[in-house]
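1. Need a 3D model of the sequence below.
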Amino acid sequence: MEELNAKQQTLKTEETVLRATLAQRPPLPSSPPPTVYTLPVKRSSSTRLSENSDDLCTPSTSNGNEGNQTVKFERKSSSPCINSSSQEKNPFDDLPWHLLSQIFCTLELKERVIASQVCRRWYSLLTDGRCPLEDVVVLNIFERHVWKSTVSKNAGSKVQCIELIDNTYLKNIFAHCPAVNSVKVWYSKREFAQTVLEKLKECEVKMRCIDIFPYSADVSIELFHEYLPNLTGITMRPHGTDYFWSGLNLNTFPAFEKLDTLILDSFNLAGDVELPESITTLEWHNRREGSFADLRARLKKLKRLEYLQVGHADFSNDDFIKFVDAVHVSNLPKLQYLMFRFCKFSSSIKKLYLVDDSELPQSQALDRLQFLKLDLCSGSLPAIVQDFLFVTGKNLKIMSLNVISDESRSLFTQIYDNITDELNARNVSLHLGLLQKEKLKSWNVTSSENQQRPEETPYPTPPKNFANILWKFEASFVEDFPLLRSIFMGTTYPFLSELKFIQCSSIQDEILEAIALNCPRLKKLSLNCPRLKKLSLLSCNEQSTHVGILPFVKQCRQRLSKSLQIIWKRDTRRYSRPAAFFLSLMNDHADLIKGLRARFYCKQFSDHNR
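-> Numbering: from 1, shown residues only. Next comes the predicted model:
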């Protein structure tokens with residue numbers, strides 16, 4: 001009854017809005033009629049153009065199911081919505097604008113462009129921002145040569161494009177996308193980049209960042225500053241095999257006054273290039289040997305820097321000392337997040353500190369640092385951790401370690417015996433990520449009887465200090481069942497809050513049950529009560545079933561966290577859908593969820609690639 005009354009009230013409200021709108025229709029726009037627009041359409045995912053045409057490609061939001069033809073639209077009269085033959089009033093002429101906007105919101109990009117040619121009123125509604133194409137998050141703009149010769153040939157690419165005959169038609173696309181998260185420009189010629197920037201500025205497209213992807217040595221970064229001086233985020237990455245290892249020289253970088261995020265991948269900074277001092281987030285990746293020295297000399301001037309990520313750098317011996325000196329708290333007082341990816345560290349750095357303290361950085365040089373991440377870095381892991389603990393202070397709260405699990409079983413002995421005690425003494429939480437890069441040949445993960453191969457040394461049992469500091473755990477492509485069994489079965493983790501498994505065939509139901517029941521063991525009104533807030537099982541299809549998920553539901557009332565989110569992705573062509581488990585809870589285990597607010601959300605995508 002209450003639901004019926006609510007529906008009646010909603011209908012009355014809508015009727016009131018309709019009557020008020022019909023009583024006084026908004027005036028017609030005074031803008032001139034749109035120009036003639038030619039839109040090439042093809043049945044396949046993209047349309048083909050003549051080889052000599054000056055055109056570009058932009059991402060399509062439709063499947064392109066129209067016939068193989070070129071459709072030309074030309075407005076015959078500037079009067080809105082009038083049938084020129086019978087002079088009878090078109091019923092769409094009296095349709096309220098907010099109802100039209102609801103209709104327009106269901107149209108794809110191609111359909112919107114066609115509808116905008118009907119009359120001035122429709123053109124205004126579709127392009128003045130009142131009903132934008134809201135689900136376009138990223139706008140990719142390809143130069144035709146780049147698209148045909150490289151991007152479209154990528155294996156597995158499902159990107160669908162609208163190919164425009166002329167660059168001037170780009171304005172018709174931008175008019176329907178007034179606000180996006182980012183714009184990516186893929187180009188090889190300066191002229192093309194300039195045309196795109198002119199249209200972006202003319203249409204006043206709002207964006208958070210722009211991605212610059214050049215396919216030639218002419219980056220033309222000054223053009224981006226000329227047309228978009230108020231950018232807040234820039235990502236730059238040259239494409240092509242010529243720049244992957246050697247990088248592309250960047251001879252100038254304009255002074256973007258509002259730039260706070262900069263990502264540079266495979267760019268070499270010239271001697272006189274300076275980065276904007278307004279930067280708060282900086283990511284640097286360069287595979288050329290010795291390239292990090294180009295950036296290190298400029299770090300001291302970035303006084304507002306809070307987040308720094310470095311990739312492929314070599315910090316052997318005194319290079320690490322020079323880096324610590326560059327990011328010293330006196331130079332970067334706001335630096336809180338520091339990450340290293342595929343970097344190389346020496347194992348004798350700690351000894352260098354003890355040679356001559358007057359010439360080396362003082363301890364706690366990174367006193368403000370709160371988060372430190374070592375992602376697949378090479379070197380002695382215990383020595384690296386000790387070095388960073390030496391130069392950080394009491395503000396350090398989290399250390400994240402991503403390691404390859406199949407390199408050596410002694411790695412876990414090093415983590416348990418050498419790293420755990422250091423982190424526990426400093427009250428630093430641990431994020432541990434495991435990656436397996438080689439497929440196991442002699443281990444059958446489907447067999448629960450042969451849980452340990454006799455010829456191999458068993459994994460050590462995690463000590464108590466390790467259990468006390470582990471806060472987040474992630475495993476990717478791990479097939480080694482004994483490894484996960486040694487970590488989770490029989491060990492209590494009182495502060496573990498998030499677990500993530502990606503394509504791990506070794507995550508079986510018995511391990512899930514152990515995590516739910518014994519990680520940690522349930523003790524009411526104790527710190528050992530489960531704090532787990534998020535569990536992700538992504539494509540772990542074979543051995544993880546509803547049998548392993550059900551114990552998490554059974555123990556919900558004993559958990560300290562108010563909610564538990566389970567993200568479960570399965571190959572529904574071979575295995576039962578996760579939705580079937582939720583239906584089973586509602587029907588067969590209603591007593592378990594009684595009094596709980598259980599929700600099931602199925603991730604949905606639009607009918608077309610965005």
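2. Quick check: which element contains Lys110?
-> Assigned by DSSP states H and E, Lys110 falls within helix 109-115.
3. Leu231 contacts Ile212, doesn't it?
-> No: the pair Leu231 / Ile212 is not scored as a contact, 10.4 Å apart, by Cβ atoms under 8 Å. No exception for glycine: its C-beta is placed from N, CA and C like everyone else's.
4. picking up where we left off before, could I have the CA atoms of the helix holding Lys110 written out in PDB?
-> C-alpha atoms of helix 109-115 as PDB (Å, rounded to 0.1, in the frame of the first residue of the first chain):
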ATOM      1  CA  LEU A 109      27.100   9.900 -30.500                       C
ATOM      2  CA  LYS A 110      26.300   9.300 -34.200                       C
ATOM      3  CA  GLU A 111      22.600   9.500 -33.500                       C
ATOM      4  CA  ARG A 112      23.000  12.800 -31.600                       C
ATOM      5  CA  VAL A 113      24.900  14.300 -34.400                       C
ATOM      6  CA  ILE A 114      22.100  13.400 -36.800                       C
ATOM      7  CA  ALA A 115      19.400  14.700 -34.500                       C
END
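5. how about it: buried residues?
-> Buried residues in helix 109-115, counted by 16 or more other Cβ atoms under 10 Å: Leu109, Lys110, Arg112, Val113, Ile114, Ala115.
6. May I ask which two of the residues you listed are separated the most?
-> Leu109 and Ala115 (10.8 Å; Cβ to Cβ).
7. Spatially nearest residue to Phe267, not counting backbone neighbours?
-> Excluding the flanking residues, the one nearest Phe267 by Cβ to Cβ, 6 or more residues apart in numbering is Leu250, at 4.6 Å.
8. Ala467 contacts Phe488, doesn't it?
-> No: applying Cβ under 8 Å as the test, Ala467 and Phe488 come out as separate, 10.5 Å apart.
9. These two: who's more crowded?
-> Phe488 (22 against 19; other Cβ atoms under 10 Å).
10. Report the separation between the more buried one and Lys206.
-> Taking Cβ to Cβ, to the nearest Å as the measure, Phe488 falls 47 Å from Lys206.
11. The stretch 201-350 of the chain: strands as residue ranges?
-> 206-214, 233-236, 248-250, 261-265, 267-269, 281-285, 307-311, 314-315, 337-341, 344-345 (DSSP state E, counting those that start in this stretch).
12. Low-confidence regions, the stretch 451-600 of the chain specifically.
-> Within the stretch 451-600 of the chain, the stretches with pLDDT under 70 are 451-456, 518-530, 559-561.
13. Quick one: low-confidence residue ranges for the stretch 101-250 of the chain.
-> In the stretch 101-250 of the chain, residues with pLDDT under 70: 155-157.
14. rerun that using 90 as the cut-off
-> Scanning the stretch 101-250 of the chain for pLDDT under 90 picks out the ranges 101-139, 144-145, 147-181, 202-208, 240-242, 244.
15. neighbours of Gln370, just the number please.
-> 16.
16. and the closest residue to it other than its chain neighbours, how many residues sit next to it?
-> Nearest residue to Gln370 in three dimensions, chain neighbours excluded: Gln336, at 4.6 Å (Cβ to Cβ, 6+ apart). Neighbours of Gln336 under the rule other Cβ under 10 Å: 17.
17. Can you verify my assumption that Gln336 contacts Leu308?
-> No: between Gln336 and Leu308 there is no contact under Cβ under 8 Å: 9.5 Å.
18. Can you pull the residues that touch both of these two?
-> Where contact means Cβ atoms under 8 Å, 6 or more residues apart in numbering, no residue is in contact with each of Gln336 and Leu308.
19. before we move on, back to that, show me the beta-bridge partners of the residue nearest to Phe267.
-> Leu269 (DSSP bridges).
20. residue contacts, it?
-> Val219, Ile221, Met236, Leu264, Phe267, Asn268, Leu269, Ala270, Val273.
21. any idea which of these has the most stuff around it?
-> Busiest of the contacts of Leu250 [other Cβ under 10 Å] is Phe267, holding 25 neighbours.
22. per-residue confidence at that residue?
-> Reading off the confidence values, Phe267 has pLDDT 95.
23. Against Glu510, how distant is it?
-> 49 Å.
24. and what of Gly290?
-> 50 Å.
25. Comparing the two, which shows the higher neighbour count?
-> Set Gly290 next to Glu510 and count neighbours by other Cβ under 10 Å: Glu510 wins out with 17 against 10.
26. Tell me the secondary structure at the more buried one.
-> helix (DSSP: H, G, I helix; E, B strand; the rest coil).
27. was I right about it contacting Gly548?
-> Yes: applying Cβ under 8 Å, one finds Glu510 in contact with Gly548, separated by 7.5 Å.
28. list the buried ones in stretch 209-226?
-> Those would be 209-216, 219-221, 223-225, for stretch 209-226 by 16+ other Cβ under 10 Å.
29. between these, which is closest to Val183?
-> For the buried residues of stretch 209-226, the nearest to Val183 is Ile210 (5.1 Å; Cβ to Cβ).
30. is it true that the closest one touches Leu228?
-> Yes: Ile210 is within contact range of Leu228, at 6.7 Å (criterion: Cβ under 8 Å).
31. how much space between Pro238 and Leu264?
-> 10 Å.
32. residues shared between the contacts of those two?
-> Counting by Cβ under 8 Å, 6+ apart, nothing touches both Pro238 and Leu264.
33. tell me the most buried of the strands of the stretch 201-350 of the chain?
-> strand 267-269 (a mean of 22; mean count of other Cβ atoms under 10 Å).
34. name the helices or strands packed onto that one?
-> strand 248-250, helix 292-299 (3 or more Cβ pairs under 8 Å, 6 or more residues apart in numbering; DSSP states H and E).
35. Need those in a markdown table (columns: distance to Leu583).
-> A markdown table is the format used below for the helices and strands packed on strand 267-269 (distance: least, Cβ to Cβ, whole Å):
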| stretch | distance to Leu583 |
| --- | --- |
| strand 248-250 | 54 |
| helix 292-299 | 54 |
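36. what pLDDT, on average, does stretch 423-431 get?
-> 95.
37. how about the residue nearest to Ser378 when sequence neighbours are not counted, what does it touch?
-> In space, Ser378 comes closest to Lys344 once its chain neighbours are excluded; the distance is 4.9 Å by Cβ to Cβ, 6+ apart. Residues in contact with Lys344 (Cβ under 8 Å, 6+ apart) are Ala313, Asp314, Phe315, Ser316, Cys377, Ser378, Gly379.
38. Give the buried subset of these as a PyMOL selection command.
-> With 16+ other Cβ under 10 Å as the criterion, this PyMOL line picks the buried residues out of the contacts of Lys344:
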select buried, resi 313+314+315+377+379
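39. list the contacts for the residue nearest to Ser405 when sequence neighbours are not counted?
-> For Ser405, ignoring the flanking residues on the chain, the nearest one in space by Cβ to Cβ, 6+ apart is Leu434 at 4.2 Å. Applying Cβ under 8 Å, 6+ apart, one finds that Leu434 lies in contact with Asn402, Val403, Ile404, Ser405, Glu474, Ala475, Ser476, Val478, Leu483.
40. now Arg190
-> Here Arg190 is in contact with Asp218, Ser220, Leu223 (Cβ under 8 Å, 6+ apart).
41. Pick the one among those residues closest to Ile173.
-> Closest to Ile173, out of all of the contacts of Arg190 and judged by Cβ to Cβ, is Leu223, at 19.9 Å.
42. correct me, but that closest one touches Glu198?
-> No: if you go by Cβ under 8 Å, Leu223 and Glu198 don't touch, sitting 9.5 Å apart.
43. re earlier: ok, of the contacts of Leu434, which come out buried?
-> Asn402, Val403, Ser405, Glu474, Ala475, Ser476, Val478, Leu483.
44. Spatially, which residue comes closest to the last one, not counting chain neighbours?
-> Which is Leu483. Nearest non-adjacent residue to Leu483, counting by Cβ to Cβ, 6+ apart: Tyr459, 5.6 Å away.
45. what's the closest of the helices and strands packed on strand 267-269 to Asn427?
-> helix 292-299 (28.6 Å).
46. chain center to the closest one: distance?
-> Helix 292-299 has its C-alpha centroid displaced from the chain centroid by 27 Å (Cα atoms, centre = their mean, to the nearest Å).
47. Perfect, I'm done here.
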